[in-house]
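J.: fold the following, please.
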Amino acid sequence: MRNAEIADAFTELADRLAIIDPKPYRWMAYRKAADTFRDLGDSVAVLSDEGRLGEVEGVGPAIEEKVRDLLASGTFKALERAREDVPDTLLALTRLPGVGPATAKKVHAALDGESFASLTARAAAGTLEVGDGITRKIIDALAAAHAASAANDGDGGGAASASGIPLDDAGAPIRGPWFRRDQVLSIAGMLEELLPTTVRAPRPSGAYVRGAELVRELCVLAEADDPVAAADEVRECLAARGWEHADDGAPLERLAGLAAEQAATLQLVSPAGIPVELVIADDASVELVEHRFAGPAAWAAREPKPPARGRRIPFELRERVLAGELDPKDVPKDLVTAAHMRGELHAHSDWSDGRAPIIDMARAARARGDEFFAVCDHSAPYAMVNGLDPARLQAQADEIASANEQLQREHEEAGEPLLRVLRGTELEILADGSLGLPDSALEQLDWVVASIHVQQRQSAAAIIERMRRVMENPLVDAIGHPTSRRMLVRDRTALDVEQLIAMAVEHAVILEVNANPDRLDLDSDQARMALAAGVRLTINTDAHRPSTLALRDHGVAVARRAGARVGDVVNCLPAEELLAGRRRNR
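T.: Here you go, the predicted model:
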C-alpha cells in the first residue's frame, strides 16, 4: 500500500470526525498524520514492517496500531465506525466550497437517502430546487462538482485552472496528475538519501528548472561513472525502500540519440505514488544531458547541443522563445537570481502564527546570506492567527530592537555578517477595504504588506474596490499574494489582475510574487504583465519557520520565467535604499 493511500484513509477519518466532533484536538492528530504520511520520503509500509514507524515525528502508538491494521486488512476500526456515523453523501456535502458541517447536516437531513451523485446530476440538469437548506449557491456548487466529475477520470484533470493547472488550446484544464514544486524538490532530496554512493548529485530537471509552477513530469538528473551499472543498483536499492520500478520503455524524446552508456533512464514510482523519471549521466555527457533533459522536447530539436555559455537561453525563458513571444536577442542579461536577493520582506514569527522567535528567524535569514529581514506578522483583527493590534505591535518593537542589538554583538564579537531586522506587518484588508491597523501604527513601521485573508468570495467589483481603497493609502508598500490562490486547493479570488496592475502603476504600489509553492502568487504570466506595465515586484517566502526561508528559489523561478531583471525586484536593493524609496517618502 502506497503512502498516499494510507494518508487518504487518515484524511477520511479526520474529515468524517470533524463533522460530528466539535473538539478539533480529537481529529486534528489524524489530519496531521495524513500530511506526514503523504510527504514522507520513506515507505510507511516498510517502516511499519521494520517496527520503526513510531520514530516518525507525530506518530504515536495509537496511530501506529491503526496503520498496522490498515496494512493487514485494508481498514481499521475507527475508520469503520466513522463511516457508519457519517454517511458518504454528508461527507461529500461538507467538501463543497462554503458548505460547513451545520449546513451539510441540514441539507442531508432533507434528502431522504439520495446519493451525492444523484444530487449533483439534478443540480447540473437544473431540476434541483431551492429549499430545505439548499440555496442557489449550493446548487451552483453541486453543478460545478458534477462538471468536474465528468471531466475528471481520477487523475487530477478536473481541477480548476485557477488553482494553478494550465489550460489546453480548447480552454480545458490539462490532465494531470500535477505536483507542486516543493514535491519535486522533496523527491530529489529523498533520492539523495536513498541512492547508492555510485550515484552523485541528484537534482531536479525538466519543467521544474524551467520555472513551471506545477509539473506533471518529476524529472531528476544524477551522475555516475557507469550509468548502466548504477541504474541496476538504483533499481535494487529503491525496491527495498518501497519504490516501484515501471518498464523503462523507449528513450525520452529529448534524449534521443544518446547511448545508454551516456544516460540511463529509469521510470520510478515513489512510495507516495508519484511517478519519477530519473536520468543518470556519465561525466562526459552530463552537460549535454542537462541541456536536453531540461526540455521541452521542441527545444532539444531546436538546439540539440548546448551553445557557448554566453549564448545560452535561460531554462525559464525557453518556452517563450519557442512560442515566438521573446526574441533570443532580447533575453535579459541581468535576469534576477537568488544570489541578487538581499533580504526578506514578508515573513512571520511566533508573535502571530509563526513557529519561531524573531531572533531565530533573523539568524536563519543571515545564514542564507541576507542583509535584512522584515518581520511581517499578521495584523488585527485576524484573530485566528493571533493578529497584532497597535499595543502588541508596539511591544513587538522592543523585541525587534533587542534582536538587532544581539545581532550587532554577534557581528562585532563573532564576526557574523550584519543583518538588520525591520519592523513590518502583514496588514489585514477587511471586507470593505479598510485596514486592520490605523495609520498611526503604520507610520512607525519600516514595511507594510497588505493582504486579503477573509471574504475571498466577493464579486470582482467588490474585490477591486477593496484593493483601490488599500492602494490609495501611501503607507501601504506592497500587496501580498494578490489573488489569494492555493495551488490545487483553492481558486483565485475574482480579482481583475489587469485592473490591479493599473492601480499599482497609478499609486506606485509593489506587487508580491509569493514564493511559497502552495501559492506562487502572482504567477509568471501576471508578473510579466506587471513588469510590462512598469510595476516593481517583491519576492517573499511568507516563511513561518526558519526552514521555509528556503522557499525563495521558487519565487525567483517564477520571476525569471516572467523576465524579471535585478532592478525590477525591490528585495535586491540595500536596506537603506529600499526604505528611502518607499512611496511615503516621495
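J.: give the contact list for Leu91.
T.: Contact analysis of Leu91 by CB atoms under 8 Å, 6 or more residues apart in numbering lists Glu12, Asp15, Arg16, Ile19. Quick note: C-beta positions are derived from backbone N, CA and C, even for glycine.
J.: so which of the residues you listed would you say is closest to Leu191?
T.: Set against Leu191, the nearest of these by CB to CB is Glu12 (29.8 Å).
J.: before we move on, back to that, out of the contacts of Leu91, which end up buried?
T.: Glu12, Asp15, Arg16, Ile19 (16 or more other CB atoms under 10 Å).
J.: mind checking which of those residues land in helices?
T.: The helices, defined by DSSP state H, take in Glu12, Asp15, Arg16, Ile19 from the buried ones among the contacts of Leu91.
J.: mind putting those into JSON lines with pLDDT and distance to Ala92?
T.: Converted to JSON lines, those look like this (pLDDT from 0 to 100; distance: CB to CB, whole Å):
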{"residue": "Glu12", "pLDDT": "93", "distance to Ala92": "11"}
{"residue": "Asp15", "pLDDT": "91", "distance to Ala92": "10"}
{"residue": "Arg16", "pLDDT": "92", "distance to Ala92": "11"}
{"residue": "Ile19", "pLDDT": "91", "distance to Ala92": "11"}
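J.: can you lay out those as CSV showing distance to Val44?
T.: Output for those, formatted as CSV (distance: CB to CB, whole Å):
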residue, distance to Val44
Glu12, 16
Asp15, 19
Arg16, 21
Ile19, 26
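J.: farthest-apart pair in those residues, please.
T.: Pairwise over those, using CB to CB, the maximum falls at Glu12 and Ile19, 11.5 Å.
J.: any idea of the mean pLDDT in stretch 134-149?
T.: For stretch 134-149, mean pLDDT rounds to 80.
J.: in that stretch, which of the residues would be classed as buried?
T.: Here stretch 134-149 shows Ile134, Ile138, Ile139, Ala141, Leu142, Ala143, Ala144, Ala145, His146, Ser149 as buried, counting by 16+ other CB under 10 Å.
J.: hmm, who's touching that stretch?
T.: For stretch 134-149, using CB under 8 Å, 6+ apart, the contacting residues are 96-99, 103, 107, 110, 117, 119-124, 128, 130, 158-160.
J.: out of the residues you listed, which are buried?
T.: Counted by 16+ other CB under 10 Å, these give 96, 99, 103, 107, 119-124, 128, 158-159 as buried.
J.: how deep is Ala284 tucked in, by neighbour count?
T.: 9 (other CB atoms under 10 Å).
J.: mind pulling up the pLDDT for it?
T.: So, for Ala284, pLDDT stands at 94.
J.: is it in a helix, a strand, or coil?
T.: Three-state call for Ala284 (DSSP: H, G, I helix; E, B strand; the rest coil): coil.
J.: my read: it touches Gln262, true?
T.: Yes. At 7.5 Å, Ala284 counts as touching Gln262 under the criterion of CB atoms under 8 Å.
J.: and which of the buried ones among the contacts of Leu91 is nearest to Gln456?
T.: Of these, the one sitting nearest to Gln456 (CB to CB) turns out to be Asp15, at 21.5 Å.
J.: is that closest one in contact with Ala92, as I believe?
T.: No. Using CB under 8 Å as the test, Asp15 is too far from Ala92 to be in contact (10.0 Å).
J.: can you pull the buried residues of stretch 411-419?
T.: Quick answer for stretch 411-419 (16+ other CB under 10 Å): Leu419.
J.: gap between Leu47 and Val56?
T.: From Leu47 over to Val56 the distance is 7 Å, taken as CB to CB, to the nearest Å.
J.: name the residue in the two with the higher neighbour count.
T.: Using other CB under 10 Å, the more surrounded residue of Leu47 and Val56 is Leu47, with 23 against 17.
J.: I'd like the average pLDDT over stretch 559-571.
T.: Computed over stretch 559-571, the average pLDDT equals 98.
J.: for it, measure first residue to last.
T.: This stretch, stretch 559-571, spans 12 Å end to end (CA to CA, to the nearest Å).
J.: mark which of the buried ones among the contacts of stretch 134-149 are part of helices, please.
T.: Residues of the buried ones among the contacts of stretch 134-149 located in helices (DSSP H): Thr103, Val107, Leu119, Thr120, Ala121, Arg122, Ala123, Ala124.
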